[in-house]
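> have a look at this fold, sequence not included:
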């Protein structure tokens, strides 16, 4: 994998770059639609490519390991061949999913013991077998196994959790270096910076991951219950330490405003379930603000979803028609909502990239932040 920095913004840490992988090029800043089980919920790959403009999607190690199972994915020749997506894929290590299991998981030095949310069967994830699983899945970018610290963790818990994550990272890197890709193309390992909302822990974590010469680095454990201002502070602290010549990935974030604020602070890559999850439930993001399409005020509004137009659905479907679909519980409504929101997120990062290259990012971002958080 190669990363080329192509431009920076005046009065900002915002960057525009290009990532080159075996399955294609990624222009940064980039938003990555979440395809947890090898599919982006309710959205065809044709729509992802042609109408949404997705350049990379995510898969999740935890979910793919449980279903369909690594043996099936290996027989298919890796996830790209199994699901037919021929562009880059990133896989999360499953650390966040195991963290979210709560009472049905146990963290030890060896790894994470957990019960399947599907059938209650017992499993063990270790730094070593998580690397092996991701080798079998065959993603272009794979993540180190970590413990995702809760946003409200006290200092002592956060410190011990970070130290465990650091020991696990060393084991992940060793296993990655000792193994080879399975499908004839290279894979890149990204370590994850943890440390909760404690500046000294985040600094310690950033220095530790930067000591490994990896192709990129991720920031985890944010947008998990902490205040937004704490999240932004942690991003600033970490990005002062992470190498400038490598991509920086902020995991699981967030709202359109969060994304612009993070780009302003030097983040290159994002993922979040928000555009599809909210879209399925009738919350739509537009350039002027947020729409709850189920509200009665849209009952006879025959204008496009986003009058400025960010996706093909804007010219095809009106607010009134989409409201009708949601109220009638027609599955097409959820699909249109998902496609619209993903197209909006991709438009947002692509426009941010253009503003960076034009030298106008900062004033554009300040104006957009005022608009995007409004409820229409």
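Perfect, I can see it now. Source: prediction; values computed, not measured.

> surely residue 210 and residue 240 touch.
No: at 10.8 Å, residue 210 does not count as touching residue 240 under the criterion of Cβ atoms under 8 Å. All C-beta spots, glycine's among them, are computed from the backbone N, C-alpha and C.

> the two - which one has more neighbours?
Using other Cβ atoms under 10 Å as the criterion, residue 210 and residue 240 rank with residue 210 on top: 17 against 13.

> ok, that one - contacts?
Applying Cβ atoms under 8 Å, 6 or more residues apart in numbering to residue 210 gives the contacts 217, 241-243.

> now it: phi and psi?
For residue 210, the backbone dihedrals (degrees, to the nearest 10) come out as phi -70, psi -20.

> how close does it get to residue 93?
Computed as Cβ to Cβ, to the nearest Å, the residue 210 to residue 93 distance reads 19 Å.

> and residue 134, by the same measure?
Residue 134 is 7 Å from residue 93, by Cβ to Cβ.

> contacts for stretch 30-39?
Residues from elsewhere that reach stretch 30-39 (Cβ under 8 Å, 6+ apart): 19, 40, 43, 48, 52, 54-60, 63-64, 67, 79, 82-83, 85, 89-90, 259, 268-273, 275-276, 342, 345-346, 348-349.

> can you say which of the contacts of residue 210 are buried?
The neighbour count (16 or more other Cβ atoms under 10 Å) marks 217, 241-242 as buried among these.

> filter those down to the ones in strands?
Mapping the buried ones among the contacts of residue 210 onto strands (DSSP state E) picks out residue 217.

> from the buried ones among the contacts of residue 210, which is closest to residue 9?
The nearest member of the buried ones among the contacts of residue 210 to residue 9, counting by Cβ to Cβ, is residue 242 at 17.7 Å.

> can you verify residue 196 is assigned to a strand?
No: read with DSSP: H, G, I helix; E, B strand; the rest coil, residue 196 is coil and lies in no strand.

> and it, what is it in contact with?
149-151, 153, 155, 158, 161-162, 202, 221, 226.

> now do residue 23
Per Cβ under 8 Å, 6+ apart, neighbours of residue 23: 80, 86-89, 140, 185.

> in CSV: these, plus secondary structure.
Shown next, in CSV, are those (three-state DSSP):
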residue, secondary structure
80, helix
86, coil
87, coil
88, coil
89, strand
140, coil
185, coil
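
> for the stretch 151-300 of the chain, just list every one of the helices.
155-178, 199-210, 228-239, 256-264, 274-280 (DSSP state H, counting those that start in this stretch).

> of these, which is nearest residue 110?
The nearest among these, by Cβ to Cβ, is helix 155-178 at 9.9 Å.

> okay, the angle between that closest one and helix 199-210?
Going by axes from the mean of the first three to the mean of the last three Cα atoms, to 10 degrees, helix 155-178 is angled at 0 degrees with respect to helix 199-210.

> the closest residue to residue 232 other than its chain neighbours: neighbour count?
In this structure, residue 232 finds its nearest non-sequential neighbour in residue 261, 5.8 Å apart by Cβ to Cβ, 6 or more residues apart in numbering. Residues within reach of residue 261, counting by other Cβ under 10 Å, total 20.

> measure residue 259 to residue 14 for me?
11 Å.

> mutual contacts of these two, please.
residue 29.

> show me where the stretch 251-376 of the chain has its strands.
Along the stretch 251-376 of the chain, the segments classed as strands by DSSP state E, counting those that start in this stretch run 269-271, 283-286, 289-292.

> so what does the last one touch, helix or strand wise?
By that I understand strand 289-292. If contacts are counted by 3 or more Cβ pairs under 8 Å, 6 or more residues apart in numbering; DSSP states H and E, strand 289-292 sits against strand 283-286, helix 361-372.

> about what we covered before: would you agree the residue nearest to residue 232 is in contact with residue 369?
Yes: under the contact definition of Cβ under 8 Å, residue 261 touches residue 369, with a separation of 7.1 Å.

> centroid-nearest residue for this structure?
What sits nearest the mean C-alpha location of the chain, by Cα atoms, centre = their mean, is residue 271, with 1.8 Å.

> need the contact list for residue 201.
Here residue 201 is in contact with 155, 158-159, 162, 194-195 (criterion: Cβ under 8 Å, 6+ apart).

> other residues contacting stretch 92-102?
58-63, 65, 105, 112, 114-115, 117, 125, 130, 134, 142-148, 150, 192, 220, 251-252.

> which parts of the stretch 1-150 of the chain are helices?
45-47, 61-66, 70-76, 79-83, 95-100, 127-137.

> compare the strands of the stretch 251-376 of the chain and give me the one nearest residue 180.
Evaluated with Cβ to Cβ, the strands of the stretch 251-376 of the chain place strand 269-271 nearest to residue 180, the distance being 25.2 Å.

> what's the closest one packed up against?
Using 3+ Cβ pairs under 8 Å, 6+ apart: strand 269-271 touches strand 30-32, strand 248-250.

> quick check: the gap between the residue lying farthest from the centre of the chain and residue 319.
What lies farthest from the middle of the chain is residue 300; by Cα atoms, centre = their mean that is 35.9 Å. Distance of residue 300 to residue 319, given as Cβ to Cβ: 9 Å.

> now do residue 32
Distance, residue 32 to residue 319, using Cβ to Cβ: 28 Å.

> same deal with residue 166?
From residue 166 to residue 319 the distance is 50 Å (Cβ to Cβ).

> neighbour count winner among the two?
For residue 166 versus residue 319, neighbours defined as other Cβ under 10 Å are more numerous around residue 319 (23 against 16).

> rewinding a little: how about the strands of the stretch 251-376 of the chain in JSON lines, adding distance to residue 335 and mean pLDDT?
Putting the strands of the stretch 251-376 of the chain into JSON lines (distance: least, Cβ to Cβ, whole Å; pLDDT from 0 to 100) gives the following:
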{"stretch": "strand 269-271", "distance to residue 335": "20", "mean pLDDT": "98"}
{"stretch": "strand 283-286", "distance to residue 335": "13", "mean pLDDT": "96"}
{"stretch": "strand 289-292", "distance to residue 335": "17", "mean pLDDT": "97"}
